[in-house]
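*Asks:* the sequence isn't on hand, but the structure is:
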């Protein structure tokens, strides 16, 4: 399967700060999604972004498929942004491979 | 739209019990459903993929006789953990999709085997 690595593994931010999370993947993909897993385990779908740039409020994402990476930007972070952020990719078989995750803690 | 309901959300049972988890797509017909497993502080690992009316495809290392998957309709898939033991305790999450569209995830089931 496709190898997916995320960095950093852990991140602690002061409320109001900005951050960039990175996702590197080992092969060509036709699907890439970013998720936020909240403390109750729910996976919230943030972006479906196999290529290009998208924005949704304080969040935006960019995928450069040719260079096999994606970035998730969080601006003006809030305590409710805390949780684990996963990048997941799919290749030809369309099965999603999840990354190692970034655990974000936003402190007031 | 694209809501996936997973039930139950939490199960606590004795060792040796079989546990069934349901995954339903509420407002769409899912051509494919997926089952994932997540251990504490780890990522999600795909266990199996199921298409309606056909046998599930299991990932390497997942025992098909231990984790029975039934996908009887386009809106329902079930995962049965047979004769569960403490090492089967985990967070199980299903997802569903239509054709090549993005997967939509249920809220997960936290299984604890005593």
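*Replies:* In hand now; what should we look at? No experiment lies behind these values; they were computed from the predicted model shown.
*Asks:* so what's the residue lying farthest from the centre of chain A closest to, chain neighbours aside?
*Replies:* Relative to the mean C-alpha coordinate of chain A, counting by Cα atoms, centre = their mean, the farthest residue is residue A:108 (22.3 Å). Nearest residue to residue A:108, sequence neighbours excluded (Cβ to Cβ, 6 or more residues apart in numbering or on different chains): residue A:15, at 5.2 Å. No exception for glycine: its C-beta is placed from N, CA and C like everyone else's.
*Asks:* which residues touch residue A:5?
*Replies:* A:23-25, A:99-100 (Cβ atoms under 8 Å, 6 or more residues apart in numbering or on different chains).
*Asks:* 10 Å instead?
*Replies:* The neighbours of residue A:5, taking Cβ atoms under 10 Å, 6 or more residues apart in numbering or on different chains as the test, are A:22-26, A:69, A:87, A:99-100.
*Asks:* I figured residue A:24 hits residue A:7, correct?
*Replies:* Yes - judged on Cβ atoms under 10 Å, residue A:24 makes contact with residue A:7 at a distance of 7.7 Å.
*Asks:* could you find the closest non-adjacent residue to residue A:6?
*Replies:* Here the residue nearest residue A:6, using Cβ to Cβ, 6+ apart, is residue A:99, at 4.1 Å.
*Asks:* what is the burial count for the one you found?
*Replies:* By the criterion of other Cβ atoms under 10 Å in any protein chain shown, residue A:99 has 26 neighbours.
*Asks:* same deal with residue A:10?
*Replies:* Count around residue A:10 with other Cβ under 10 Å applied: 11.
*Asks:* what's the pLDDT at the residue farthest from the centre of chain A?
*Replies:* You'll see residue A:108 listed with a pLDDT of 95.
*Asks:* ramachandran angles for residue A:79?
*Replies:* phi -60, psi -30 (degrees, to the nearest 10).
*Asks:* report pLDDT for it.
*Replies:* 95.
*Asks:* that one against residue A:108, yeah?
*Replies:* Yes - if you go by Cβ under 10 Å, residue A:79 and residue A:108 touch, sitting 5.8 Å apart.
*Asks:* residue B:57: what's it in contact with?
*Replies:* Residue B:57 sits next to A:93, A:95, B:32, B:46, B:48-51, B:64, B:69 when contact means Cβ under 10 Å, 6+ apart.
*Asks:* output the residues you listed as a markdown table; include the columns pLDDT, distance to residue A:2 and neighbour count.
*Replies:* Output for the contacts of residue B:57, formatted as a markdown table (pLDDT from 0 to 100; distance: Cβ to Cβ, whole Å; neighbours: other Cβ atoms under 10 Å in any protein chain shown):
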| residue | pLDDT | distance to residue A:2 | neighbour count |
| --- | --- | --- | --- |
| A:93 | 66 | 10 | 12 |
| A:95 | 84 | 9 | 19 |
| B:32 | 91 | 18 | 22 |
| B:46 | 93 | 11 | 20 |
| B:48 | 94 | 18 | 22 |
| B:49 | 93 | 15 | 19 |
| B:50 | 90 | 21 | 24 |
| B:51 | 86 | 21 | 15 |
| B:64 | 93 | 23 | 13 |
| B:69 | 94 | 23 | 24 |
